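Asks: quick one: sequence plus predicted model below, questions after.
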Amino acid sequence: MKTLIYSLRSMAIALRNAIRPPTTEGFGYPERVRPERYRNSFALVHEPVGPDTPESGPEEACIGCRKCELICPSEIIVVTPAGKAVSPTTGKKRGYLESFILDMNACIFCELCVQVCPTDAIVMCQEPTAPVFFREDLLLTREKLYANEHQRTPAWATGAKLVDMQDPDKLSPEQQAAKDALAAEAAAKKAELAAAAAAAASAAAAEAAEPALVSEVDKSASEPPETPAEGAEEVN
Ligand code: SF4
Ligand code: SF4
């Protein structure tokens, strides 16, 4: 009897779920709205175009410093620097890149490589990585990474933005407003105290000047009246 009840209950649950609308979404459709900081895949970028940009075009931003390679926890980045040369943009010596390989097979999307980049040369992209049949297709070479610069949308972060965001001394807008208010209050109080001190000093100076004036007056009052000079004849 117990078994029959369990079976009927199971069938009821199965029937109820069979007519319930789906709670999942099919892959790829409808297209999901990604959050602003969604990141996937990578790109290497060039310097922004400016008045000093040479005719040959903007230079690549990567200076081959290998910081991204050294920090990557999955050890999937291999940077080969090409040594230093004079930059046609700045006229100063800078490093250049010979080859760059990033193995997407083991990336954990931690974004540390972006964060440590001193020139904002490596960025992550918003588009998801296309599925591939072969693992070697997930190796991002220097050429693929520079192609992604034009084919994909960069994600929110750059090295400079991440460093700024994670500054331990950085305050939230509310904390900054409270700090500004306190500073303004302290400045007003300081100005008030300075004005009071100046008023007290001028009062003290006036007080000090007053007895001197009084003693001068007293002195002149106690002096005998001028007597006629000796030998002067009295005029009747
Ligand atoms: S996101 Fe993290 S795991 Fe992926 S390449 Fe960069 S540092 Fe390595
Ligand atoms: S991508 Fe950035 S951190 Fe990596 S080698 Fe180039 S300049 Fe250095």
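Replies: Thanks, I have the structure now. These numbers were taken from a predicted model, which means no experiment stands behind them. Ligands and ions are numbered 1, 2, ... in the order given.
Asks: stretch 143-152: how far from the chain's middle?
Replies: 26 Å (C-alpha atoms, centre = their mean, to the nearest Å).
Asks: touching it from outside, list them.
Replies: Applying C-beta atoms under 8 Å, 6 or more residues apart in numbering, the external contacts of stretch 143-152 come out as 41-46, 60, 100, 102, 122, 125-127, 140. C-beta coordinates here come from the backbone N, C-alpha and C atoms, glycine included.
Asks: distance to residue 24 and secondary structure added to those residues, as CSV?
Replies: As requested, the contacts of stretch 143-152 are exported to CSV (distance: C-beta to C-beta, whole Å; DSSP: H, G, I helix; E, B strand; the rest coil):
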residue, distance to residue 24, secondary structure
41, 25, strand
42, 30, strand
43, 32, strand
44, 37, strand
45, 37, coil
46, 41, strand
60, 43, strand
100, 38, strand
102, 32, strand
122, 35, strand
125, 26, strand
126, 23, coil
127, 22, coil
140, 31, strand
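Asks: what's the local residue count around the nearest residue to residue 125 once chain neighbours are set aside?
Replies: For residue 125, ignoring the flanking residues on the chain, the nearest one in space by C-beta to C-beta, 6 or more residues apart in numbering is residue 152 at 3.8 Å. Counted by other C-beta atoms under 10 Å, the residues lying close to residue 152 total 18.
Asks: which of the contacts of stretch 143-152 are close to ligand 1?
Replies: residue 102 (C-beta under 6 Å from any ligand atom).
Asks: care to break the protein down by domain?
Replies: 30-165, 171-217 (automatic domain parsing).
Asks: low-confidence ranges in this protein?
Replies: 211-236 (pLDDT under 70).
Asks: those residues of it touching ligand 1, which are they?
Replies: Counting by C-beta under 6 Å from any ligand atom, the chain sits next to ligand 1 at 72-74, 76-77, 102, 107-113.
Asks: hmm, try it at 5 Å
Replies: Counting by C-beta under 5 Å from any ligand atom, the residues of the chain close to ligand 1 are 72, 74, 107, 108, 110, 112, 113.
Asks: what's the closest non-adjacent residue to the fifth one?
Replies: Once its chain neighbours are removed from consideration, residue 110 has its nearest residue in residue 73; the separation is 6.4 Å (C-beta to C-beta, 6+ apart).
Asks: the one you found: what secondary structure?
Replies: coil (DSSP: H, G, I helix; E, B strand; the rest coil).
Asks: do you know how far it is from residue 112?
Replies: Taking C-beta to C-beta, to the nearest Å as the criterion, residue 73 is separated from residue 112 by 7 Å.
Asks: okay, those two: which has more neighbours?
Replies: residue 112 (16 against 11).
Asks: excluding chain neighbours, what is closest to the more buried one?
Replies: Here the residue nearest residue 112, using C-beta to C-beta, 6+ apart, is residue 71, at 4.9 Å.
Asks: max-length helix in the chain?
Replies: Longest helix in the chain, counting residues (DSSP state H): helix 173-222.
Asks: tell me if residue 22 really is in a helix.
Replies: No: with three-state DSSP as the criterion, residue 22 is located in coil rather than a helix.
Asks: ramachandran angles for it?
Replies: phi -70, psi 150 (degrees, to the nearest 10).
Asks: is it true that residue 56 touches residue 88?
Replies: Yes: between residue 56 and residue 88 there is a contact at 6.7 Å, judged by C-beta atoms under 8 Å.
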